[in-house]
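Undergrad: give me coordinates for this.
(4 chains)
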Number of protein chains: 2
Amino acid sequence: MRRADNAVEQSTEGAAAGGRCATLCETCRVRAISVCRSMAIDALDELETITTRMKLPAGRVLFDEGDPAEHLFTIHEGAIKLFKMLRDGRRQITGFLLAGDFLGLAFFRTYAYSAETVGDTLLCRFPRERFMALLERHPMLEKELLSRASSELAAAQEQMLLLGRKSARERVASFLLALARRQAASGRGSVELVMSRYDIADYLGLTIETVSRAIQAANAEGLIRMIDRHHFVVADQGRLAAASASG
Amino acid sequence: MRRADNAVEQSTEGAAAGGRCATLCETCRVRAISVCRSMAIDALDELETITTRMKLPAGRVLFDEGDPAEHLFTIHEGAIKLFKMLRDGRRQITGFLLAGDFLGLAFFRTYAYSAETVGDTLLCRFPRERFMALLERHPMLEKELLSRASSELAAAQEQMLLLGRKSARERVASFLLALARRQAASGRGSVELVMSRYDIADYLGLTIETVSRAIQAANAEGLIRMIDRHHFVVADQGRLAAASASG
DNA sequence: GCTCGGCATTGACCCAAATCAAAAGCTCGG
DNA sequence: CCGAGCTTTTGATTTGGGTCAATGCCGAGC
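TA: The predicted structure is shown next:
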């Protein structure tokens, strides 16, 4: 759990100074799904001057719950897990963030949760103060954040329903289905389970053993077909949805 | 579960037309803790023209999950529960809102959850469209909403930790402690449990029997002292906090 | 004051998922 | 290519909280 400070960093400030060609932001592959989508090209230039790109390996801590909230991030590639812990070590993962997602929106002094990379991850980092200043000048960006906060809240409520009221089998079915839908956009053949069984368990409020059994069962019953331990395809969308106990 | 349409409503438009005296908003008792706190007096006037005051009895439905999101609300007095349901009737209450809280922030066409009054409740209702138009002209209001969304998100994450990883005893202790802290501000002697055991159970992901047993146990162990079924005082803050397994 | 009906408590029993234990696959350094 | 140390799977056993059942309590209406 090494900290992110010693990560491979690539500040864009130097690049911007050295002659005006296509900027990183303009050619950004995830721009269409990032917070940046709401910004005009000139605003993007402004954003880019405060951006630091980072490439992090798996298992790197971005920040811990309680740390002063100094940065905001957008994810470029890879995945981040957000989690809270109890003093005795019990952990609840509150969400997995994928390419295009935004991270660090905290209207408080400190982060309310910890964040750690799941696989190798590429991200953009913004200093909080300067990003907030940007908000003043670009109301569309603020709308975008409000909209994202709103859908995160909806997702959180859905997860509370899962944690409070669904059986183990239903939780795992819901999870596999949600992952499949999320990755359907990026149109690969199989769905990737980047995270370990341990992470899945801590996300679903179960143990690794229960997760493993439920996945095996879903495979045996033909709801999904496991390719290997970290890849599957949805074999029967209808029955998987039925097993998830929700739309 | 009658709908709110036939509620006692009091539009302020008539009042505003009939001579300029102190408006409802200006004398509002919860203004200091509502979204309205961020608004100047003149902006308040504007807000007031789109406000409908409503007084609702217990158990009244404000809206159901999936309904078109036509209104926003602030709570004046009383309490609202937000919840989601599965098709077979299992219910998860995702939050209780009290005086000063804001409700209906949904950047979507439809509500993502249902809302129902817990006790008798007094609230202000705004038509969504006109409220959103107001946002354009009052960026401070937008900041206020973003800030509220952000703290709701933090609360949701805390609740996920509770639902996913805490024992029944810890959940009930957490709930009692949070209620006590929330009501400490409004400085009464005892903490009121407005909601039924059924509601508490559906909020904590437990059954009424388990909630009842945990409350009795907390009482027997001297963590709290029950006054009657709907009132208690915190008898040992330290041990109650310890039993809740979190700060 | 009495009775009815809904909430809340208490008790007995059961089961889904946790825990404990061990084997089987991967993966990566040497 | 081997083997140490992981993650994952599978099996046996235990248990916290759910389920079922009964009783108690309290307010509303008669």
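Undergrad: every contact and neighbour count from this point should use C-alpha atoms.
TA: Noted.
Undergrad: list the buried ones in stretch A:161-170?
TA: Neighbour-count burial for stretch A:161-170, counted by 16 or more other C-alpha atoms under 10 Å in any protein chain shown, picks out A:L161, A:L162, A:L163, A:G164, A:R165, A:K166, A:A168, A:R169, A:E170.
Undergrad: need those residues in JSON lines (columns: secondary structure, pLDDT and distance to A:Q237).
TA: As requested, the buried residues of stretch A:161-170 are exported to JSON lines (DSSP: H, G, I helix; E, B strand; the rest coil; pLDDT from 0 to 100; distance: C-alpha to C-alpha, whole Å):
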{"residue": "A:L161", "secondary structure": "helix", "pLDDT": "98", "distance to A:Q237": "21"}
{"residue": "A:L162", "secondary structure": "helix", "pLDDT": "98", "distance to A:Q237": "19"}
{"residue": "A:L163", "secondary structure": "helix", "pLDDT": "98", "distance to A:Q237": "22"}
{"residue": "A:G164", "secondary structure": "helix", "pLDDT": "98", "distance to A:Q237": "24"}
{"residue": "A:R165", "secondary structure": "helix", "pLDDT": "98", "distance to A:Q237": "22"}
{"residue": "A:K166", "secondary structure": "coil", "pLDDT": "98", "distance to A:Q237": "19"}
{"residue": "A:A168", "secondary structure": "helix", "pLDDT": "98", "distance to A:Q237": "19"}
{"residue": "A:R169", "secondary structure": "helix", "pLDDT": "98", "distance to A:Q237": "15"}
{"residue": "A:E170", "secondary structure": "helix", "pLDDT": "98", "distance to A:Q237": "14"}
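Undergrad: what is the nearest of these to chain B?
TA: Closest approach between the buried residues of stretch A:161-170 and chain B, by C-alpha to the nearest C-alpha: A:G164, at 4.1 Å.
Undergrad: rewinding a little: among the buried residues of stretch A:161-170, which one sits closest to B:L240?
TA: Sorting these by distance to B:L240 puts A:G164 at the head of the list, at 22.4 Å, by C-alpha to C-alpha.
Undergrad: can I get the buried residues of stretch A:161-170 in a markdown table with distance to B:E77?
TA: Supplementary listing: the buried residues of stretch A:161-170 in a markdown table, determined by distance: C-alpha to C-alpha, whole Å:
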| residue | distance to B:E77 |
| --- | --- |
| A:L161 | 27 |
| A:L162 | 31 |
| A:L163 | 30 |
| A:G164 | 28 |
| A:R165 | 30 |
| A:K166 | 33 |
| A:A168 | 39 |
| A:R169 | 41 |
| A:E170 | 38 |
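Undergrad: let me see the contact set for A:H76.
TA: By C-alpha atoms under 8 Å, 6 or more residues apart in numbering or on different chains, A:H76 lies in contact with A:R29, A:V30, A:L98, A:A99, A:G100, A:T121, A:L122, A:L123, A:C124.
Undergrad: how about the nearest residue to the residue nearest in space to the middle of chain A, chain neighbours excluded?
TA: Residue closest to the mean C-alpha point of chain A, counted by C-alpha atoms, centre = their mean, is A:L97 at 0.5 Å. Among residues not flanking A:L97 along the chain, A:I80 sits closest, at 5.0 Å (C-alpha to C-alpha, 6 or more residues apart in numbering or on different chains).
Undergrad: can you check A:L122 too?
TA: Per C-alpha to C-alpha, 6+ apart, closest to A:L122 is A:K55, 4.5 Å.
Undergrad: distance check, the one you found against B:L105.
TA: Note on A:K55: its distance to B:L105, by C-alpha to C-alpha, to the nearest Å, is 35 Å.
Undergrad: same check, this time on A:E65
TA: Applying C-alpha to C-alpha to A:E65 and B:L105 gives a distance of 26 Å.
Undergrad: hmm, back to that, show the pLDDT at the residue nearest to A:L97.
TA: pLDDT for A:I80: 96.
Undergrad: right, and it touches A:D120 too?
TA: No: proximity of A:I80 to A:D120 does not meet the contact threshold set by C-alpha atoms under 8 Å, at 9.3 Å.
Undergrad: so between these two, which is more surrounded?
TA: Here A:I80 and A:D120 are compared on neighbour count by other C-alpha atoms under 10 Å in any protein chain shown; more neighbours surround A:I80, at 28 against 16.
Undergrad: so what's that one up against?
TA: A:F96, A:L97, A:L98, A:A115, A:E116, A:T117, A:V118, A:G119, A:T121.
Undergrad: equivalent analysis for A:Q157, please.
TA: B:K84, B:T94, B:A156.
Undergrad: would you format those residues as TSV with distance to B:L72, neighbour count and secondary structure included?
TA: Below are the contacts of A:Q157 laid out as TSV (distance: C-alpha to C-alpha, whole Å; neighbours: other C-alpha atoms under 10 Å in any protein chain shown; DSSP: H, G, I helix; E, B strand; the rest coil):
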residue	distance to B:L72	neighbour count	secondary structure
B:K84	18	21	strand
B:T94	18	26	strand
B:A156	20	23	helix
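Undergrad: which one among the residues you listed gets closest to A:V194?
TA: The closest of these, once distances to A:V194 are taken by C-alpha to C-alpha, is B:A156, at 24.7 Å.
Undergrad: these two touch, right, that closest one and A:A156?
TA: Yes: at 6.3 Å, B:A156 and A:A156 qualify as touching, with contact defined as C-alpha under 8 Å.
Undergrad: spell out which parts of chain A neighbour chain B.
TA: Applying C-alpha under 8 Å from any C-alpha of the partner chain, we find that chain A lies next to chain B at A:84-87, A:90-94, A:105-107, A:112, A:142, A:145-147, A:149-154, A:156-161, A:163-165, A:202-206, A:245-246.
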